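Chemist: Turn this into a structure:
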Amino acid sequence: MRVRILGTAAGGGVPQWNCACEGCAAARAHPSWRRLHASIAIEASGGRWYVVNATPDIAEQIETSTDLRPGPGRRQTPVAGVVLTDAELDHTLGLPRLREAPSLHVIATAAVRDALAGGLRLDRVLAPYAGLTWSDLPEDKPVALDGGEDVEIRAVRVSGKRPRYAVDLDVRDGAWSAALHVTDRRSGKSLVYAPAVADWPPGLDRALAAADCVIVDGTFWDDDEPRRSGFTERTATEMGHLPISGPNGTAERLRALPATRRLYTHLNNTNPLVDPGHDGHRTLAGMGIEVASEGLVIEL
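Modeler: The predicted structure follows:
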């Protein structure tokens, strides 16, 4: 099983278009510091790939990944579909960018599907271009990617936080934000991808403990970072993201995992880790943890 990192930034990317904070200014001065919205691609079988979360950067992410580029036929693409971990705009606005396809296969939980259909009306918007084909992402059983026997995914609920546009929607019960436990049935190796973690439930603990590689929410370095940065009065935890450091930080949890590789993704533009020379990288390296780099390919 191959997994390709397509992006590693939280909402707005790095730099964010309307932000002149230290991190965004540095990314403008040093283009190598730039980060696209967080996403990965999973190879299912036979060179067919599923993109996890359709970000606003999806066209660029596909174009800069040789495995995902079209060919050899003029309209032949290795992108078989999209798996959604949540219904946030940063993870779904890329779906209309894929409208040139004759059909679009999307795998999502019931709550996410209802939010996109009822809140954003994506079914209706995309119907004249490319029909959406939905597959459920249940929490109680695995789903085989591409209908094959090679790779399966399982949803692990990590948050009940709704997107702002969906606060008042009447939807079916289901995980609003899920981690994905991806397993290669041939090798038995597995990976957990959890780009947004508001809670650390027992199900996530079990999935992480069983995984060979984990890629986890690293939005904020510490809990007070959002307030200190001046763009909100809420803490990281109140915004739905467990911080990396501090008494309730995730770094200590990751250090204790048996996984052979542990990585952070979904960095906010205010996170000091957007600076590759920040001491936080050395602190994490001493714990056996790294920050995911875009373009990285993980083979399991």
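Chemist: C-alpha only now, for contacts and for neighbours.
Modeler: OK.
Chemist: now the helices: where do they sit in the stretch 1-150 of the chain?
Modeler: 22-29, 58-63, 110-114, 122-126 (DSSP state H, counting those that start in this stretch).
Chemist: now swap in the stretch 201-300 of the chain and tell me
Modeler: 202-210, 225-229, 251-255, 279-285.
Chemist: Ok, which of the ones you listed comes nearest residue 30?
Modeler: helix 279-285 (17.8 Å; Cα to Cα).
Chemist: Which positions in the closest one come out as buried?
Modeler: 280, 281, 284 (16 or more other Cα atoms under 10 Å).
Chemist: Throw those residues into TSV and include pLDDT and distance to residue 236, thanks.
Modeler: Shown next, in TSV, are the buried residues of helix 279-285 (pLDDT from 0 to 100; distance: Cα to Cα, whole Å):
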residue	pLDDT	distance to residue 236
280	98	17
281	98	20
284	98	19
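Chemist: Make TSV from those and add distance to residue 154 to it.
Modeler: Output for the buried residues of helix 279-285, formatted as TSV (distance: Cα to Cα, whole Å):
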residue	distance to residue 154
280	32
281	31
284	28
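Chemist: that older thread, which one of the helices of the stretch 1-150 of the chain lies closest to residue 246?
Modeler: helix 22-29 (21.1 Å).
Chemist: Strands of the stretch 51-200 of the chain, start to end?
Modeler: Taking DSSP state E, counting those that start in this stretch as the criterion, the stretch 51-200 of the chain carries its strands at 79-83, 103-108, 131-136, 143-144, 151-159, 177-184, 190-194.
Chemist: For residue 233, which of the ones you listed is the nearest?
Modeler: The nearest among these, by Cα to Cα, is strand 151-159 at 20.7 Å.
Chemist: Which residues does that closest one contact?
Modeler: 1, 44-45, 137-145, 175-185, 196-201, 203-204, 207, 240 (Cα atoms under 8 Å, 6 or more residues apart in numbering).
Chemist: Name the strands paired with that strand and say parallel or antiparallel.
Modeler: Here strand 151-159 is paired, per DSSP bridges, with strand 143-144 (antiparallel), strand 177-184 (antiparallel).
Chemist: so which of those strands comes closest to residue 106?
Modeler: Here strand 143-144 is closest among these (Cα to Cα), at 12.6 Å.
Chemist: how much distance is there from that closest one to the middle of the chain?
Modeler: 18 Å (Cα atoms, centre = their mean, to the nearest Å).
Chemist: quick check: mean pLDDT across it?
Modeler: If you average the pLDDT over strand 143-144, you get 94.
Chemist: and residue 19, what are its phi and psi?
Modeler: phi -130, psi 130 (degrees, to the nearest 10).
Chemist: What count of nearby residues applies to it?
Modeler: 14 (other Cα atoms under 10 Å).
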